[in-house]
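J.: Provide a 3D model corresponding to the input given below.
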Amino acid sequence: MAEIKSTISRLIQDATSTDVEEIRSDLMDRYLGEKYGDEKTGKSQFISTDISDAIEAILPDIMDVFTSAEDILEFDPIGAEDEEAAKQETKVVSHLFWQKNRGFENLYVWFKEALIAQNSYVQFGWEDKERVSIEDYEGLTEDELFAIASQLDVDDYEILDQSVDEETGRINVKIRCVKKSKQYVIEAFPQEEFFKTPRWNKVGLDGVPCCGRHRKLTRGELEAMGFSKESIDRAFNDEDEIQGQSRNDTQDHFEGEASEGSDTTKTVRVYQAYLWADQNGDGINELLQVWACGDGSEVMEWEDGSEAIEEVSGLPFAALTPFIMPHRHVGRSMAELLDDIQQVKTVLMRTTLDNVYATQYGRPVVDPGKATEDTFSDIANPAHGAPIRYEGDVLNYYVPPSVAGTTLPLIEAFDGVKEQRAGATRYNQGLDAESLNKTATGIQQIMNAAQKKTKLIARTFAETGLRDLFLGIHRDLRSGPMKEIAMKLSGEWVSVNPRTWKDRTDMTVNVGMGRGDRDEKRAFYTLIGQVQEKLMMGKSRMVDESKIYATAERMAETFGIESVEPFLHDPRRLPPQQEQQQPDPALLVAQAQIQNLHQETANRAAKDQAEIALKREELALKREELAIKQAEVRNKGLKTAADVQKDAQRLELDRDKAVNEDDFKRDKLAMDAVTGALDREAQAFISTPAIPHDEVGE
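T.: All right, here's what the predicted structure looks like:
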């Protein structure tokens, strides 16, 4: 253990020995327009702000390149079966970056610091968070208080104040609630807090012997992180000893550290280092996370007494620089490229302004024999319109020649050099009124050349820091404590389990390169829609509903609309349509025959029913006539033999008709039976499989 401690101490001290703070601090001063220190009293104090102007001009373009992309990153699938999983992981990581963290702010600070001070850094990983809230309740009964306490969704709570109203017996209570959780944090931190092994030869930190971040933390913050009290005491004692040996250091270096403030506000410098060392003695270096204090040689301890040394799978840092220097970690910044131009323009502008001041307030030429004390007193008062008392005829003034004709062209020339270096021209900012008098093609060429430099910076950011960041987030989600994430993807809520993800190394960071801005994309998708419309009219198989829906989705994204689900149904989620089978011709003939047979049977039955109804009416009429005649006979009391014979014949005829009606009913029942048999035969014919032609002969 003594050997590993010695290795850790050597690596940390070596990494923290490099001092580039002076260069980076000077670049920040130039961006802020701070004074150079060579200003003279009575002279112009003007400071040119070319560095700030250039950075503020290109930063919006760089930010727009990343924020206007459909997805800032895309994980590439390993195979066809992995395509949906890769899309899902892309959405989850993007959601974690933009929504769960301050994505835009992190990008803005990260990019801007790199443009000013060469390199910038971001840290990412899981952190234990503790959220404290104070809740007040008034007028509660004991049952209500118990119910509230049992329903609090917190890990711990404490009753800070409790009182009982003597009149009503109601309880007033104030509760301190503590909720602990694991959160994934992405943070762009100050550049001066980062340290690394000197002479590292690339922008990325993968494989660097030692790197890390040092911070000033209070005793309470260290206790919350889980360090032992003895280890924290040693850290503060070591800090006091270091400060005692470094009294000649600047005040800013030790501002807010352990020598100042109360016990709760005192801070100590703590190193969170990541280094490669052989911890288990097997001859193979492992990536270790080490917490140290003092000058980096004192390893801290956890509450259980174990040393704060742990093997990890990857670094939680990502670095980027706008201009990569070959075989160096520290690149060049926009501030470096324009520092000399800003300094020269400051001198030229000060000279010009001093010349204007001298012209405005010329030096009077005084004849000593004619000047009086009042003359010198009046000259010392340069107020407009104030008289000068002088005994001579004319008071002459000396006015120096104007230098504006020399300095202003030089300033304009240096502005051109600045635009060439930075790529921030007056044309692509709409600041040059004379551009209207120039050809549109020429202006477009100038703008394209300038935009290529901005896009190169964006591509550099994408392929260095952003790539390492998103691959690191994907790695941490796979091995982290989060088992499931509920997210709305493609218009539907799904449950995502990061632990089932594959280990990915193939990823594309989208920065809008080669795809144009939103207007160009919109024009492209409009053209695609027109082509699809023509193909649909021609019934081409090159386009279908899913292709049209995809075009609508891409078009909506150019307007900032995440999904078109509220307006259009996704054809991939619609139930399949039932295919209409072509009917068998033989079946159609059989159905027609059955329909005709039914129609003939129905017609015959209707005719028979009409005839039966007519005969019934005739029989009823005759019965009525017979009844009338019988009544007449009874009334008269007369009845001849001939009449009796006629009556007998009528009765016989009536019986014959009744017999005929019974025969008709029996015939109808027989006809219905025949019709039912025909229906059954036709149905059997329909359900019988068709016989192949080659079997018909057999």
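J.: Surely residue 504 is in contact with residue 473?
T.: No. With contact defined as Cβ atoms under 8 Å, residue 504 and residue 473 do not form a contacting pair (11.1 Å). In short, each C-beta sits where N, CA and C put it, glycine included.
J.: neighbour-wise, which of those two wins?
T.: The neighbour count for residue 504 versus residue 473, taken as other Cβ atoms under 10 Å, is higher for residue 473 (23 against 19).
J.: got a list of what that one touches?
T.: 93, 96, 97, 124, 184, 186 (Cβ atoms under 8 Å, 6 or more residues apart in numbering).
J.: The same query, at a cut-off of 7 Å, please.
T.: Residues counted as contacts of residue 473 (Cβ atoms under 7 Å, 6 or more residues apart in numbering) are 93, 96, 97, 124.
J.: and it, what helix or strand is that in?
T.: helix 467-479 (DSSP states H and E).
J.: For residue 422, see how far away residue 614 is.
T.: Residue 614 sits 111 Å away from residue 422, taking Cβ to Cβ, to the nearest Å as the criterion.
J.: scratch that, residue 649 is what I was asking about
T.: Between residue 649 and residue 422 the computed distance is 133 Å (Cβ to Cβ).
J.: Then residue 339?
T.: With distances defined as Cβ to Cβ, the gap from residue 339 to residue 422 amounts to 12 Å.
J.: What mean pLDDT does stretch 604-624 get?
T.: Per-residue pLDDT values across stretch 604-624 average out to 79.
J.: What are the contacting residues of that stretch?
T.: Outside of stretch 604-624, the residues within contact range by Cβ under 7 Å, 6+ apart are 654, 657, 661, 664, 668.
J.: so which of the residues you listed comes closest to residue 538?
T.: Top of the list for closeness to residue 538, among the contacts of stretch 604-624 and by Cβ to Cβ, is residue 668 at 61.7 Å.
J.: gap between the closest one and residue 595?
T.: Counting by Cβ to Cβ - residue 668 and residue 595 are separated by 21 Å.
J.: Residue 414 now?
T.: For residue 414, the distance to residue 595 (Cβ to Cβ) stands at 98 Å.
J.: same question, residue 400
T.: The spacing between residue 400 and residue 595, counted by Cβ to Cβ, is 117 Å.
J.: what's the closest of the contacts of stretch 604-624 to residue 137?
T.: residue 668 (89.4 Å).
J.: And for that closest one, nearest residue in space, chain neighbours not counted?
T.: The shortest distance from residue 668 to any non-neighbouring residue, by Cβ to Cβ, 6 or more residues apart in numbering, is to residue 608 (6.2 Å).
J.: neighbours around the one you found, how many?
T.: The local packing of residue 608 (other Cβ under 10 Å) involves 15 other residues.
J.: cool, the one 3 residues further on as well?
T.: Residue 611 sits with 10 neighbouring residues when counted by other Cβ under 10 Å.
J.: tell me which element it is part of?
T.: Mapping residue 611 onto the secondary structure by DSSP H and E places it in helix 585-636.
J.: what do you get for residue 224?
T.: Using DSSP H and E, residue 224 maps to helix 219-225.
J.: Can I get stretch 34-49 in PDB, CA atoms only?
T.: Taking Å, rounded to 0.1, in the frame of the first residue of the first chain, the C-alpha atoms of stretch 34-49 are listed here in PDB:
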ATOM      1  CA  GLU A  34      -9.600  45.100 -19.100                       C
ATOM      2  CA  LYS A  35      -6.800  47.700 -19.100                       C
ATOM      3  CA  TYR A  36      -3.400  46.800 -20.400                       C
ATOM      4  CA  GLY A  37      -1.600  48.700 -17.500                       C
ATOM      5  CA  ASP A  38       0.300  51.100 -19.800                       C
ATOM      6  CA  GLU A  39      -2.400  53.900 -19.700                       C
ATOM      7  CA  LYS A  40      -1.300  57.400 -19.000                       C
ATOM      8  CA  THR A  41      -3.000  60.200 -17.200                       C
ATOM      9  CA  GLY A  42      -4.500  62.800 -19.600                       C
ATOM     10  CA  LYS A  43      -4.400  60.400 -22.500                       C
ATOM     11  CA  SER A  44      -7.100  58.200 -24.100                       C
ATOM     12  CA  GLN A  45      -8.100  55.100 -22.100                       C
ATOM     13  CA  PHE A  46      -9.800  53.400 -25.000                       C
ATOM     14  CA  ILE A  47      -9.700  49.500 -25.100                       C
ATOM     15  CA  SER A  48     -10.500  47.700 -28.300                       C
ATOM     16  CA  THR A  49     -12.800  44.700 -27.900                       C
END
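J.: about what we covered before: what residues of the helix holding residue 224 count as buried?
T.: Of the residues in helix 219-225, those buried under the neighbour-count criterion (16 or more other Cβ atoms under 10 Å) are 219, 222, 225.
J.: Good, we can wrap up now.
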